[in-house]
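Chemist: Got a predicted structure plus its sequence, pasted below:
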Amino acid sequence: MGERKAKFAHIVLTNADALTKATYNPRKTDSHRFDLVKISLQKLGWVLPMYVTADGEVLSGHQRLDAARELGATKVPVVVLPDLDLDRRRGANIVFNRATNDMHKNDSGESLSELLPMSVVKEAISGLPDITPDTDAWYPCMNVKPVDTRDLMGKNIATFLSHAIRQAESLYHWAKTSIPVVITAKGKVVNGLGRLQHSSEAGIPEVQVVTVSAKKAELARIMLNHLSMDFDLEDKYADILRYNSFRRASNRQEFLMPTMCCDLITATSKTGKTQRMASSFVPSNAKHVKAWKRWYGETVLDFGAGLLDKSLVMRDVMGRAA
């Protein structure tokens with residue numbers, strides 16, 4: 001596989017008060033997990049940055065922004081992502097949450113938090129002092145640096161995390177960015193193994209890393225991999241989910257599905273029994289459309305379980321061909 005260009009995160013400090021939350025953000029508020037977010041910032045600081053639009057709309061980091069404000073911080077580290085339309089912002093909003101954690105497909109914020117009892121957290125934070133907000137130590141992600149992907153992979157041989165790899169690819173393709181990998185001084189990945197594996201698989205020569213000390217590595221592993229918010233998708237994303245639009249756009253076809261025309265194609269063959277591919281029915285062919293309407297009728301019910309593209313073919317292509 002040829003090399004692909006890295007899409008590094010360019011992190012800058014910005015005023016916390018200049019940022020606004022996305023009204024479509026589907027994350028559910030959870031007081032217990034929010035308290036853990038505050039503990040994470042107090043003990044680790046900003047290990048990973050927030051991601052925002054050019055207008056300051058938050059795509060990733062809603063809970064951390066609130067926690068930082070409560071802790072008295074005035075500056076937060078952000079990566080600005082320009083030129084994202086509303087659909088891409090909505091999609092990125094969810095993908096960031098999934099891509100930050102080394103999650104499996106069926107993991108949720110609730111299932112991960114069940115692996116995070118307070119006794120484990122208390123043990124991990126034992127002896128770690130609070131970090132003063134707005135100091136250099138508060139922003140470890142500002143010390144991000146690139147390292148060789150193959151070298152880092154060699155130090156972290158593990159089963160590939162297919163779901164995490166796909167999320168990293170979604171960020172690369174749709175949001176044109178990446179999330180740094182968190183490692184120890186010896187090069188062991190604390191968080192972002194799936195992101196590292198994605199870079200290796202995609203032929204990206206370098207990845208960005210943020211290094212945490214050995215004393216903080218366990219807490220960082222716990223917080224970054226087991227602390228995730230759940231979503232209220234049914235309300236905030238109803239219109240998008242109605243058309244299942246998170247399926248790949250490459251799945252869109254300009255012909256009807258077999259269930260929509262193949263019995264017509266078979267019935268109108270010379271023998272009345274010959275089966276042909278659905279693509280042999282041409283939606284722009286007026287003769288085909290006339291036969292289709294005579295066979296099926298002119299009232300169509302779309303249950304909205306797909307991409308809506310077949311309804312658009314019927315309305316915009318077959319409608320004009322009639």
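Modeler: Structure's in. What do you need? It should be emphasised that the depicted structure is a prediction, and the values quoted were computed from it without experimental measurement.

Chemist: any idea how far A73 is from S213?
Modeler: From S213 over to A73 the distance is 21 Å, taken as CB to CB, to the nearest Å. Where C-beta positions appear, they are placed from N, C-alpha and C, glycine not excepted.

Chemist: The two: which has the busier surroundings?
Modeler: With neighbours defined as other CB atoms under 10 Å, S213 and A73 compare such that A73 has more, 21 against 12.

Chemist: Go ahead and confirm the more buried one touches P133.
Modeler: Yes - with contacts counted by CB atoms under 8 Å, A73 reaches P133, the gap being 3.9 Å.

Chemist: Tell me where the model's unsure across the stretch 51-200 of the chain.
Modeler: Across the stretch 51-200 of the chain, the ranges flagged by pLDDT under 70 are 101-120.

Chemist: One more pass at 50, please.
Modeler: Scanning the stretch 51-200 of the chain for pLDDT under 50 picks out 105-109, 111-112.

Chemist: For the stretch 1-150 of the chain, just list every one of the helices.
Modeler: Remark: helices assigned in the stretch 1-150 of the chain by DSSP state H, counting those that start in this stretch are 31-44, 62-70, 86-100, 109-113, 118-125, 149-154.

Chemist: same check, this time on the stretch 151-300 of the chain
Modeler: 162-170, 193-202, 214-226, 233-236, 238-242, 262-267, 286-296.

Chemist: Run through the neighbouring helices and strands of the longest one.
Modeler: Right, the one you point to is helix 214-226. helix 31-44, helix 109-113, helix 118-125, strand 189-191 (3 or more CB pairs under 8 Å, 6 or more residues apart in numbering; DSSP states H and E).

Chemist: Of the ones you listed, give the one that comes closest to L81.
Modeler: Proximity to L81, assessed across the helices and strands packed on helix 214-226 by CB to CB, is greatest for strand 189-191 (20.7 Å).

Chemist: That closest one pairs with which strands?
Modeler: Strand pairing for strand 189-191, determined by DSSP bridges: strand 181-183 (antiparallel).

Chemist: and for the partner strand, what are the contacting residues?
Modeler: Strand 181-183 is touched from outside by 47-48, 152, 189-193, 195-196, 207-212, 220, 224, with contacts defined as CB atoms under 8 Å, 6 or more residues apart in numbering.

Chemist: Can you point out the buried residues in it?
Modeler: V181, V182, I183 (16 or more other CB atoms under 10 Å).

Chemist: Now W292. Nearest residue, chain neighbours left out?
Modeler: Nearest in space to W292, with sequence neighbours left out and distances taken as CB to CB, 6 or more residues apart in numbering, is L264 at 6.1 Å.

Chemist: that older thread, just the buried residues of strand 181-183 now: which is nearest E123?
Modeler: V182 (19.8 Å).
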